[in-house]
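Undergrad: Provided below for reference: sequence and predicted model.
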Amino acid sequence: MRQISLAISLFFLVSSSALQAEDWPGWRGPRGDGTSIDTGFPIQWTATQNVVWKVAIPGRGHSSPIICGDRVFLTSCLEGEAPGNEPCDRVLISLDRKSGQIHWKTVVEKAPLERIHTLNSYSSSTPATDGERVYVTFLNRDKLLVVCYDFDGKELWRKSPGPFKSQHGFCSPPVLYKGSVIVNGDHDGNGYLVSFDKKTGEVKWKIDRPNHTRSYCPPLIVEAAGKTQLVMTGSKCVCSYNPDDGSLIWTIDGPTEQFVASMVYHKNLLFLTAGFPTYHVMAIRPDGTGNVTKTHVQWHETKGAGYVPSPLAVNGLFFNVKDEGLATCRNAETGKLLWEERLGKHFSASPVFAENRLYFLDDEGKMTVVQADKNLEVLSKNSLNENCFASPAFSKGQIFIRGEKHLWCIGTQIK
């Protein structure tokens, strides 16, 4: 009986660990909100300690790595390998998770370097995977490209949903939903939101977007107010759509012109941060229909609003970091400011929540680890001595950080 009891206990222990272990399959992880339910992540490291591997990455980019099983996928632009104004290769790279060794590198598109913001790159859109295929988005001159590959680097389909024009460049990560790939096409023209069939690339639906203003925000898909909602900021508004057919559920005017950070959802509230030309932090109740600008804003503040880094909402709290380095914690329901602290000089990466801790990565490659609590407690500060502009990926106790020249795997080796 004791042996049977021990076997049952071990079974449930292994099953529980298997259920908790997560890949990081796209922008901001498995839920698109920067949270991980995995355990075993390090709190302290240096450029030489707690490093599983460090691998030089060809080219440059601000896209995040994604993790699926024993694979790591990353996009890059080989801008330094083309003479003069010649077209440059935009590439998708597959690496081995255990060693960091590059399995293959395939050229997605060869295109001239477009005009970009000084803080943007030519490879800023994070890919996405469903465990069988990898989906990438790039800009080629004046058109948006969506391309699908298998895990051997074979191209399966390629689509261009429409034109794309932006003086600050491109960044629209693909988002997966059921059998669809959904892409935001907000730009300085006739913007659109489009859904493709994952396997064939055929367009399932495509809708026009209002206001014709560029944005860089991937949609967030959540179960809210008894229905599935695709919510996103961008093009001078906040909108919720039905991800099955693209029909509009509700909209809020503004609160500003342009958006970069993606939304998060927690305790029946949606949260946004936005910062051009005016700064805003806002909580929205998701149970409305039509124009809910005057009826469904739970709270609205301007202090502590960020532009590029996306926020976190956990434990009944809303956490945010401004581009200039000021981090804030608010009561999620009321918006009351609980603490604020300067964590670095400048931030482009979005923070991650894991094991009741917050991981904030600044542009100098310094990551500050903070307790996810209403009282500020800084647990550690760690530096890789390499600039970092991409948001990190967290999976199975390991942290994957893209630097200017290298991809780092921080933690302990997985057996």
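TA: Cool, the structure landed.
Undergrad: can I take it that residue 195 is in a helix?
TA: No - checked against DSSP: H, G, I helix; E, B strand; the rest coil, residue 195 lies outside a helix; its state is strand.
Undergrad: do you know how far it is from residue 368?
TA: Separation of residue 195 from residue 368 (C-beta to C-beta, to the nearest Å): 38 Å. Every residue, glycine included, has its C-beta placed from N, CA and C.
Undergrad: ok, now residue 310?
TA: 17 Å.
Undergrad: cool, and residue 291?
TA: Using C-beta to C-beta, residue 291 is found at 40 Å from residue 368.
Undergrad: looking at these two, which has the bigger crowd around it?
TA: Using other C-beta atoms under 10 Å as the criterion, residue 291 and residue 368 rank with residue 368 on top: 21 against 14.
Undergrad: so the more buried one is in which element?
TA: strand 366-371 (DSSP states H and E).
Undergrad: could you give the angle of the next helix-or-strand element following that strand to strand 366-371?
TA: Beyond strand 366-371 in the direction of the C-terminus, DSSP H and E gives the next helix or strand as strand 378-383. In terms of direction (axes from the mean of the first three to the mean of the last three C-alpha atoms, to 10 degrees), strand 378-383 departs from strand 366-371 by 170 degrees.
Undergrad: how distant is strand 378-383 from the center of its chain?
TA: Distance, stretch centre to chain centre, for strand 378-383: 22 Å (C-alpha atoms, centre = their mean, to the nearest Å).
Undergrad: strands paired with it, and their directions?
TA: Paired strands of strand 378-383, with direction, are strand 366-371 (antiparallel) (DSSP bridges).
Undergrad: any idea of the mean pLDDT in the strand it pairs with?
TA: Mean pLDDT, strand 366-371: 98.
Undergrad: and it, which residues are buried?
TA: Taking 16 or more other C-beta atoms under 10 Å as the neighbour-count basis, strand 366-371 is seen to contain the buried residues 366-370.
Undergrad: kindly indicate which of these lies nearest residue 107.
TA: residue 367 (32.3 Å; C-beta to C-beta).
Undergrad: that closest one against residue 359, yeah?
TA: Yes - when contacts are counted by C-beta atoms under 8 Å, residue 367 is listed as touching residue 359 (5.8 Å).
Undergrad: which neighbours do those two have in common?
TA: Common neighbours of residue 367 and residue 359, counting by C-beta atoms under 8 Å, 6 or more residues apart in numbering, are residue 392.
Undergrad: partners of the nearest residue to residue 303 once chain neighbours are set aside in the sheet?
TA: Once flanking residues are discounted, residue 303 sits nearest to residue 337: 7.1 Å by C-beta to C-beta, 6 or more residues apart in numbering. Listed by DSSP bridges, the beta-bridge partners for residue 337 are residue 330.
Undergrad: try residue 221
TA: Note on residue 221: beta-bridge partners by DSSP bridges are residue 230.
Undergrad: might you report the residue contacts of it?
TA: By C-beta under 8 Å, 6+ apart, the contact set of residue 221 is 32, 175, 177, 182, 228-231, 243.
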